[in-house]
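**Student:** Return atomic coordinates for the entry below.
(one chain, ligands or ions: 2)
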Amino acid sequence: MQKDIVILGIESSCDDTSAAILKNFTILSNVTANQSVHEKYGGVVPELASRAHQQNIVPVVHQALKEAKIKLNDIDAIAFTKGPGLMGSLVVGCSFAKALSLAAKKPLMDVNHMHAHILAHFIDEGTPQPEFPFICLTVSGGHTQLVKVSSATELEILGTTIDDAAGEAFDKIAKILGLPYPGGPLVDKLSKEGNPDAFQFAEPRVDGFNFSFSGLKTSVLYRLQKEEKLNPDFIKENLNDLCASVQQTILNILFKQLKRVVQETGIKHVAIAGGVSANSGLRKRLQDFAETEKIQVYIPKFEYCTDNAAMIAVAGRFLYDKGIFSDQTVSAQARMNFNR
Ligand code: KG4
Ligand code: ZN
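**Tutor:** Ligands and ions are numbered 1, 2, ... in the order given. Next up, the predicted model:
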């Protein structure tokens, strides 16, 4: 019988401090401390994020080990997020992982956060996992990418946003609508009660398989400024319809390019990943897309959509199997080449 491999994953790229224990490909624990401190500022304040990571990281790792009933000595290796993300936040996770690796004499793997969002699909949940090669639409607060995944370590960007990310568009437009940060989940919720065809907003023309969302934000802003001159309560009276129309436009932009990629590459397996893949409209639309395009789609569990350490542990496991380890000279990287 093969020996069990246990990985401790650590994630600290933005405003969530997370630690997870992965045994083979099964998650034993996945503990996340969210930072509510940013809500009153309408966005993540980097300095406050790194301070909170510093306070949270020891208790979060401790809790992950406790919930998994695993002793530090029983883990085989430590995986952490090297980047991309906020520098001050990444430095906390990176320094902690390096120190722990040294103290506990465990090998270290540095993980690309964007690879990890995709590789979260390989967490063993007893559900079908994507077949290689597959296309992944990664949609988060910082990124919007169409990725061709040929294997767990061969990933290629086919298209990306030329300005705002999809999550950023949700959050910035939510802010214009007077909703608290992060607005994405609220826009999703309010959309369910609204008419997606109530308002028309601009959809961009972009080259290749790329995306653009900044025009949509401006289009919403101008429309609201015009309407509010006539009726100061316009947003309040139309909030659900506005949310539903904005969400539909964001999904139109995403699916137009996804369809092109699927048709041009002929790849029949499509996954979604990243925080915005928690969006109920996106998940529904992907199911419909599967039927019309006759392809197989893969939708992650909610807890593995937004930032979490379980995905870091899985991505680390693939590096472990390939013998790709890092040493004590490794450092955090805010901007990171997608191909490591
Ligand atoms: O992947 P993630 O947790 O962090 C980054 O790496 O960016 O993604 C966070 C983003 C935020 O913009 C948040 O508003 C968005 O994901 N998000 C959603 C939903 N849940 C999270 N956007 C739309 N609908 C949702 N249900
Ligand atoms: Zn993320």
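
**Student:** Thr329: neighbouring residues, count only.
**Tutor:** Residues within reach of Thr329, counting by other CB atoms under 10 Å, total 6. Every C-beta, even on glycine, is put in place using the N, C-alpha and C of the backbone.

**Student:** let me redo that: Leu224
**Tutor:** 18.

**Student:** part of a helix, is it?
**Tutor:** Yes: assessed by DSSP: H, G, I helix; E, B strand; the rest coil, Leu224 belongs to a helix.

**Student:** Do I have it right that it meets Asn238?
**Tutor:** No: at 9.5 Å, Leu224 does not count as touching Asn238 under the criterion of CB atoms under 8 Å.

**Student:** how about the nearest residue to the residue minimising distance to the centre of the chain, chain neighbours excluded?
**Tutor:** Using CA atoms, centre = their mean, the residue of the chain that lies closest to the mean C-alpha position is Gly274, 2.5 Å off. Closest residue to Gly274 apart from its sequence neighbours, by CB to CB, 6 or more residues apart in numbering: Ser140 at 3.5 Å.

**Student:** so how far is Phe318 from that neighbour?
**Tutor:** From Ser140 across to Phe318, the span is 20 Å (CB to CB, to the nearest Å).

**Student:** In contact with Lys66, which residues?
**Tutor:** Counting by CB atoms under 8 Å, 6 or more residues apart in numbering, Lys66 touches Ser29.

**Student:** In a helix, it, correct?
**Tutor:** Yes: secondary structure assignment places Lys66 in a helix (three-state DSSP).

**Student:** Return the per-residue confidence for it.
**Tutor:** pLDDT for Lys66: 98.

**Student:** That one and Ile21, how far apart?
**Tutor:** As judged by CB to CB, Lys66 and Ile21 stand 10 Å apart.

**Student:** who touches both of these two?
**Tutor:** Ser29.

**Student:** which of the residues in the helix or strand containing Val187 are buried?
**Tutor:** Per DSSP states H and E: Val187 is located in helix 184-191. Neighbour-count burial for helix 184-191 flags 184-188, 190-191 (criterion: 16 or more other CB atoms under 10 Å).

**Student:** Of these, which are in range of ligand 1?
**Tutor:** When contact is defined as CB under 6 Å from any ligand atom, the buried residues of helix 184-191 meet ligand 1 at 184-185, 188.

**Student:** between these, which is nearest ligand 1?
**Tutor:** The nearest member of those to ligand 1, counting by CB to the nearest ligand atom, is Gly184 at 2.3 Å.

**Student:** dump the residue contacts of that closest one.
**Tutor:** By CB under 8 Å, 6+ apart, Gly184 lies in contact with 141, 167, 170-171, 174, 275-276, 278-279.

**Student:** go on, Ser12?
**Tutor:** 18, 53, 57, 80-81, 85, 89-90, 92-93, 96.

**Student:** Using a markdown table, please lay out those together with neighbour count.
**Tutor:** Putting the contacts of Ser12 into a markdown table (neighbours: other CB atoms under 10 Å) gives the following:
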| residue | neighbour count |
| --- | --- |
| Ser18 | 29 |
| His53 | 27 |
| Ile57 | 22 |
| Phe80 | 31 |
| Thr81 | 33 |
| Gly85 | 27 |
| Ser89 | 29 |
| Leu90 | 27 |
| Val92 | 23 |
| Gly93 | 26 |
| Phe96 | 22 |
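
**Student:** any idea how far the closest residue in space to Arg335 that isn't next to it in sequence is from Ala271?
**Tutor:** Distances taken as CB to CB, 6+ apart put Pro84 closest to Arg335, at 5.6 Å, once the chain neighbours are dropped. Pro84 sits 20 Å away from Ala271, going by CB to CB.

**Student:** try Asp15
**Tutor:** Per CB to CB, Asp15 is found 25 Å from Ala271.
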